[in-house]
Each structure stands twice: as C-alpha cells, then as structure tokens.
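J.: How does the following fold in three dimensions:
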Amino acid sequence: MTLVAALTLLGPPALSVPQAAAAAGCAGAQHDFNGDGIRDSLIADPEATVSGKERAGQIHVVYGGGKGTFALSQDSPNVSDSAETDDRFGFSSAVYDANLDGCSDIAVGIPFEDINAADGPVEDAGLVHLIYGSPTGIAPTGVATIGFRQGADGRLGGTYEAEDWAGHAVAAGTSATGIPFLVIGVPGADSDEGVDTGMFHHVYGTGYNVAHVSQDSAGVWEDPEPHDRFGASIAATDRHFVVGAPGESIATTSQNVGFAGAVVVFRPSINTDGIPDPLFGMGQGRSGSADTTAQAGDQYGTSLAMAPYRPAGSTTNNDSLLAVGVPGEDLAATVDAGAVHTYDIRADGTLQHLKWIDQNHPDVEGAAEAGDFFGQRLAAANTSPSATGTAATMRLAVAAPGEESTEEYPEEGGVHVLPLLGEPGAGDSWIAPGDGIPAVRAPRMLTGMGLGSSPTSLYVGVPYGPDGSRAVHAFPWNTPNGGAPTQSWRPGEGGIPAGSVAFGAYLS
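T.: Here you go, the predicted structure:
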C-alpha cells in the first residue's frame with residue numbers, strides 16, 4: 001500500500017433501550033471492559049480476513065494485567081450482523097460507558113458496511129456497533145450489541161445513501177453532568193447543497209436519543225458545500241468535542257480555496273435548538289487559527305486529538321487542549337510537508353491559539369521534506385489528570401508517515417513526541433523503525449498511521465511493511481529520542497492470533 005492509497009478516503013428519537021444497573025464487579029474505571037479496574041487496550045486490524053471474508057476487519061481486545069485477549073468481529077457471539085468482505089470493521093472506535101453500568105463499552109465504526117434495501121444492497125452506507133463490556137469481558141456473554149444505522153427503521157433515523165460512510169469517525173465521552181454521549185461522523189452524506197457535504201449524529205443518554213447536525217444546523221459555523229466531508233474526523237473530551245471538515249473551502253480575498261479544511265467545536269450538552277451546543281468554527285487564517293493562510297489541499301482537520309486540561313488556578317479539568325493536523329500544508333516550496341496547530345478551548349467557550357508546529361520549528365527533530373504528511377495522525381494525553389497541566393504532563397504525538405530516513409526507505413514513517421504546552425522543541429523526541437521502534441526498516445511502512453494514547457502510554461502501530469515487523473508498541477510519554485518501548489504486541493504472540501494485514505492501523 002502506498003501512502004497515496006492510504007490517504008485517499010476521507011430524526012426521530014432513537015428506540016428506547018433499558019438502562020443497565022451498575023454491574024456487580026464493574027469498578028467504573030476508564031477504558032476497562034471487564035470491570036477489574038485495570039486499563040484494557042484495543043488493537044484494530046480493519047483489513048483482516050474473518051471467516052474467509054477479506055477485509056472484513058476485526059479488533060483485538062487486550063485485557064490489562066495479563067488476562068488474555070479476544071478477537072472481536074462481526075462473527076463474535078452476541079454481535080449482530082456478520083462479517084462480510086470489505087466491511088472494514090474497526091476502521092474507527094470509541095470507548096465510553098454507554099449504559100453507566102461501570103464497565104466500558106466499545107463503539108465500532110464500520111463505514112463500508114452495505115445496508116440491505118428492498119431494491120438491493122446500498123454500498124458503503126455505514127454502521128456503528130455498540131458492544132458492551134461486562135464482568136466477563138466483551139461480547140461472549142451479557143447484553144447483545146446494538147447497531148446504529150441510518151434509515152427510517154434505524155436507530156439514527158433519517159435516510160441513508162451509498163457512500164455515506166457512517167462511522168468513518170466516532171468519538172465519545174461523559175458530559176460534565178454525567179450523561180454519556182457518542183458522536184458518529186457521516187462525511188459522505190449528500191444534501192441539497194451537493195455531494196459529500198457531510199454531517200454527524202449525536203447519540204446521548206442511556207436511552208440513546210439522537211440529534212442530527214450538519215453545517216445547516218442552527219449556530220454551526222460555515223455553510224455546507226460539496227466535498228466538505230463534515231464529520232470525517234472527530235475528537236472529544238468530557239467538556240468539548242470537535243468535528244473536522246477537511247474538504248471545506250475557505251474564501252479568501254482573491255479566491256475560494258478548495259480542500260483547505262475547517263473544524264467546528266461543540267459542547268456535548270443539548271441546547272434549545274435540540275442539538276449539542278456549537279461554540280465556534282475555524283480554518284486556517286479564519287476565526288482564531290493564527291495568521292496562517294488557507295491553501296488548496298491543506299486539509300486542515302484531517303486529524304484531531306484532544307486532552308482534558310486544568311489551567312493554573314482551576315480546581316478541575318474544565319478546559320480542553322486541541323491539536324489539529326494539516327498534513328497537506330506546503331512549507332514554501334516543500335509540498336505536503338505538513339503542520340499542526342494547537343489550541344486551548346477554555347471553560348467559558350473562548351479559544352486561545354497556542355502554537356504552529358512543523359518540522360522546521362526550532363529544536364524539533366528532523367527537517368520538513370516534501371511528502372512527509374506531518375500531522376496525518378495525532379494522539380494527545382494528560383499524564384497527570386488530577387493536577388494543573390504543564391509541558392511535562394500535557395503531551396502530543398504527531399505522525400509523519402511519509403518520512404524517509406534515507407532514499408532507500410521511502411515512506412518509512414515515524415513519530416514525534418512533543419509537549420502540548422510551551423515550546424514544542426523543548427521536549428521533542430523522535431521514534432522510528434530501527435530508532436526506538438524494534439522493526440526491520442523497509443519502504444512504505446507508514447509508521448505512525450496507527451496512534452493511540454492513555455495517561456501512561458503512547459501506542460504506536462506499525463501496520464505495514466515486513467510481516468515480522470507489524471506490531472503495536474507502548475512508549476512512555478517522556479520517551480527520549482530512540483527510546484525503547486515498555487511493551488509490545490505482535491500477531492501470533494501473547495494470545496493474539498497469527499496473521500495480519502494492517503495490525504495496529506487504529507488504536508485506542
């Protein structure tokens with residue numbers, strides 16, 4: 001797979017579902033599917049063959065504390081539907097406690113799921129499965145999964161069309177008032193304004209009420225236009241969530257710049273218009289995003305990462321720090337070098353732009369080169385969520401999957417680990433195959449196309465390249481240049497089945 005191929009894609013109340021009481025044995029810890037109080041991990045291989053169906057996709061659930069693994073797919077017990085060719089189950093995922101029983105649950109995006117209709121299958125309409133945790137773990141026992149799909153008879157309501165890609169991005173959390181919410185991106189949705197304008201569904205509460213939001217919705221920044229792909233990327237904390245439209249056109253004084261990109265920021269609480277409360281939107285050179293200029297093909301908002309933040313003088317994590325990837329950014333004559341913006345979304349709903357980061361930034365490792373796509377993937381974390389945030393505790397990982405260390409290894413890739421506060425170069429480190437990542441160096445490994453985070457670890461996927469190098473590695477957030485991982489997972493080891501296609505392409 002080339003880098004170009006890897007980067008190609010971008011109603012009524014829901015049916016009532018009984019609320020689960022707190023399950024005996026569920027400790028209520030975050031990211032804990034079996035309720036034992038130990039963080040668990042998800043490693044997706046959305047291109048995996050399942051029951052002979054190519055690219056059906058699966059997710060490896062890795063239970064913390066050495067308690068085993070489970071290969072989750074649409075052929076797993078209690079998971080509705082079945083594995084089908086090209087579904088790509090696990091293309092996206094979000095973890096939250098949807099039914100407030102104390103065990104974490106998984107929302108799995110399947111944007112290439114076909115929906116059966118009276119006149120035949122509707123290709124790539126998309127689906128999201130909600131798969132519940134329990135004291136015995138994910139899927140094998142307990143409550144059967146439910147599916148969120150569009151259509152008059154679906155939980156999301158509305159209509160569905162071919163290539164809606166519902167579930168292309170998902171994010172979730174629990175609001176400040178204790179209400180669980182799930183945001184489902186539908187970037188391929190068409191509207192009266194044209195094709196692929198995009199929208200998202202906001203699913204909230206244990207009854208799974210649904211609000212539908214597009215750029216035509218009250219108070220949402222900008223107007224829908226063809227190919228905006230609003231909903232192609234989403235990130236969330238418990239206080240805010242952000243929705244990307246990397247195809248957004250930005251009007252400048254001289255022209256309308258296509259695929260410049262934009263993002264819109266919301267609070268998860270429902271306002272008087274019946275939708276999550278929109279705060280503001282921005283694109284490069286617009287509405288608070290610094291004094292950079294929008295350019296065609298920047299695709300600002302292709303990737304997003306957020307972390308809860310406690311500023312000095314506050315007693316809680318009321319702010320959110322946001323990173324926005326601009327992987328198509330040209331730096332002078334250096335085409336598609338890439339860049340990242342960072343922001344503080346404050347408790348009062350205002351915004352502070354923090355930094356513009358690229359590989360030419362002072363003391364940042366390496367140098368910007370054409371086709372690096374710096375910012376194609378992002379991950380962020382607050383490593384000390386009970387304390388005031390600092391440069392040491394607010395951390396950011398930026399993938400440059402097109403990076404090549406020598407001409408022998410084009411698109412080998414790598415990951416920068418940086419402070420999310422303060423000067424990026426003051427605490428920057430670099431990890432790559434053979435330079436901290438234990439892997440045989442090879443062309444087109446696209447290292448960093450899979451990134452995930454927890455307060456203690458950065459997870460880096462190496463989903464492509466030589467079979468023996470495909471793995472997921474956990475690094476401490478303060479890892480030095482070329483630092484060694486603290487733990488690794490590989491197909492065929494530790495209970496994970498052998499064989500993979502894109503092991504670690506998506507992580508959480």
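J.: Going by C-alpha atoms from here, please, whenever you check contacts or count neighbours.
T.: Will do.
J.: got a list of contacts for stretch 480-490?
T.: Defining contact as CA atoms under 8 Å, 6 or more residues apart in numbering, one finds that stretch 480-490 is touched by 429-432, 435-437, 470-476, 496.
J.: Also stretch 129-143?
T.: Defining contact as CA under 8 Å, 6+ apart, one finds that stretch 129-143 is touched by 23-26, 32-36, 70, 72, 76-79, 103-110, 144-148.
J.: What residues sit buried inside it?
T.: H129, L130, I131, Y132, G133, S134, P135, G137, I138, A139, P140 (16 or more other CA atoms under 10 Å).
J.: how about JSON lines for those, with distance to N481 and pLDDT added?
T.: Written out in JSON lines, the entries for the buried residues of stretch 129-143 read as follows (distance: CA to CA, whole Å; pLDDT from 0 to 100):
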{"residue": "H129", "distance to N481": "39", "pLDDT": "95"}
{"residue": "L130", "distance to N481": "39", "pLDDT": "96"}
{"residue": "I131", "distance to N481": "38", "pLDDT": "95"}
{"residue": "Y132", "distance to N481": "39", "pLDDT": "93"}
{"residue": "G133", "distance to N481": "37", "pLDDT": "92"}
{"residue": "S134", "distance to N481": "40", "pLDDT": "90"}
{"residue": "P135", "distance to N481": "40", "pLDDT": "90"}
{"residue": "G137", "distance to N481": "37", "pLDDT": "89"}
{"residue": "I138", "distance to N481": "37", "pLDDT": "88"}
{"residue": "A139", "distance to N481": "40", "pLDDT": "71"}
{"residue": "P140", "distance to N481": "42", "pLDDT": "64"}
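J.: so which two of those are the farthest from each other?
T.: Spanning the widest gap among those are H129 and P135, at 19.7 Å by CA to CA.
J.: where do the strands sit along the stretch 51-200 of the chain?
T.: Per DSSP state E, counting those that start in this stretch, the stretch 51-200 of the chain carries strands over the ranges 58-62, 69-72, 92-96, 105-110, 115-117, 120-122, 127-131, 146-148, 170-174, 180-186, 199-204.
J.: need these in TSV with distance to G371, can you?
T.: Rendered in TSV, the data for those read as follows (distance: least, CA to CA, whole Å):
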stretch	distance to G371
strand 58-62	30
strand 69-72	35
strand 92-96	25
strand 105-110	28
strand 115-117	37
strand 120-122	35
strand 127-131	33
strand 146-148	37
strand 170-174	27
strand 180-186	27
strand 199-204	30
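J.: nearest to S453, of those strands?
T.: Between S453 and the strands of the stretch 51-200 of the chain, the shortest gap by CA to CA is with strand 92-96, which sits at 12.1 Å.
J.: partners of that closest one in the sheet?
T.: Here strand 92-96 has these sheet partners by DSSP bridges: strand 105-110 (antiparallel).
J.: Was I right to think D216 contacts E225?
T.: No: applying CA atoms under 8 Å, one finds D216 not in contact with E225, separated by 10.0 Å.
J.: ok, which stretches of the stretch 251-400 of the chain are helices?
T.: Using DSSP state H, counting those that start in this stretch, the stretch 251-400 of the chain contains no helices.
J.: which stretches of it have low pLDDT?
T.: 252-254, 286-292 (pLDDT under 70).
J.: how about the strands in it?
T.: Taking DSSP E, counting those that start in this stretch, the strands of the stretch 251-400 of the chain run over residues 256-257, 262-270, 276-282, 303-309, 319-326, 339-345, 351-357, 378-382, 394-399.
J.: For A296, find the nearest of the ones you listed.
T.: Using CA to CA, the strands of the stretch 251-400 of the chain put strand 256-257 closest to A296, at 5.2 Å.
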